[in-house]
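Peer 1: Curious how this folds, go ahead:
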Amino acid sequence: MACTAELGATRDGWVQGSRDQVRLERAGRPRPMLTIVDVAHPIDQVMACGGWLADLLAATPVVVLAARATVPGLRRLETCVDLAGAGRVVAAVLGPTRRRWPREVIHSLGPLTGAVIAAGRLVEIPEDRVLAVTGLTPAPLPSSLINAAATLLPLTKRTPSDAA
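Peer 2: Just a heads-up that it's a prediction; the model follows:
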């Protein structure tokens with residue numbers, strides 16, 4: 001997400017910005033605190049090839065895996081949960097709520113993704129038709145996305161020892 005106003009750096013090295021009522025912070029220098037990965041990206045190739053991205057993924061305590069609520073999306077999610085380590089994964093799944101997932105999608109859940117769900121680390125991200133077409137604009141973000149982000153954020157503060 002891009003900010004619409006840059007607010008400057010804090011004493012501890014974070015660069016702050018804002019977008020409507022949302023405050024955004026990014027590290028002034030890279031810190032492996034949280035990594036968000038779109039499971040459509042070949043994470044297995046990143047891990048196999050090494051380099052800075054693999055190092056970042058290995059060092060971050062919490063990995064948010066973003067997937068779509070589709071059969072291929074959840075199959076990739078299962079593979080990525082295995083590669084990242086289930087204890088440090090938070091899954092952000094774009095689509096309908098789990099209660100409305102088609103039967104085929106429900107049956108495609110693997111045991112590792114099931115463990116993430118059982119641990120309360122799956123966040124449903126509602127699809128917004130306008131954003132799906134236009135992408136981010138200066139318009140305020142929909143409240144449904146703000147609410148999903150508010151659910152997701154506390155889960156990123158957890159450590160593997162917190163998740164049991």
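
Peer 1: count of neighbours near Leu77?
Peer 2: Using other C-beta atoms under 10 Å, Leu77 is surrounded by 28 other residues. Using the backbone N, CA and C atoms, a C-beta is placed for each residue, glycine as well.

Peer 1: residues contacting it?
Peer 2: Contacts for Leu77 were tallied using C-beta atoms under 8 Å, 6 or more residues apart in numbering; they are Val39, Leu65, Ala67, Ala91, Val93, Gly110, Thr113.

Peer 1: Now do the contacts for Glu127.
Peer 2: Glu127 neighbours (C-beta under 8 Å, 6+ apart): Leu94, Gly95, Pro96.

Peer 1: Hmm, Val71 and the second one touching each other?
Peer 2: Right, Gly95. No - with contact defined as C-beta atoms under 8 Å, Gly95 does not count as touching Val71 (11.6 Å).

Peer 1: Could you check which of those two has the larger neighbour count?
Peer 2: Higher neighbour count among Gly95 and Val71: Gly95, with 19 against 15, using other C-beta under 10 Å.

Peer 1: Please report how far that one lies from Gln21.
Peer 2: Relative to Gln21, Gly95 is positioned 25 Å away (C-beta to C-beta, to the nearest Å).

Peer 1: what helix or strand does the most centrally placed residue in the chain sit in?
Peer 2: The centroid of the chain falls nearest to Val64 when counting by C-alpha atoms, centre = their mean (3.4 Å). In the assignment (DSSP states H and E), Val64 maps to strand 62-68.

Peer 1: what comes up buried for the following helix or strand past that strand?
Peer 2: Following strand 62-68 in sequence order, the next helix or strand is helix 71-84 (DSSP H and E). Residues of helix 71-84 classed as buried by neighbour count (16 or more other C-beta atoms under 10 Å): Gly73, Leu74, Arg75, Arg76, Leu77, Glu78, Thr79, Cys80, Val81, Leu83, Ala84.
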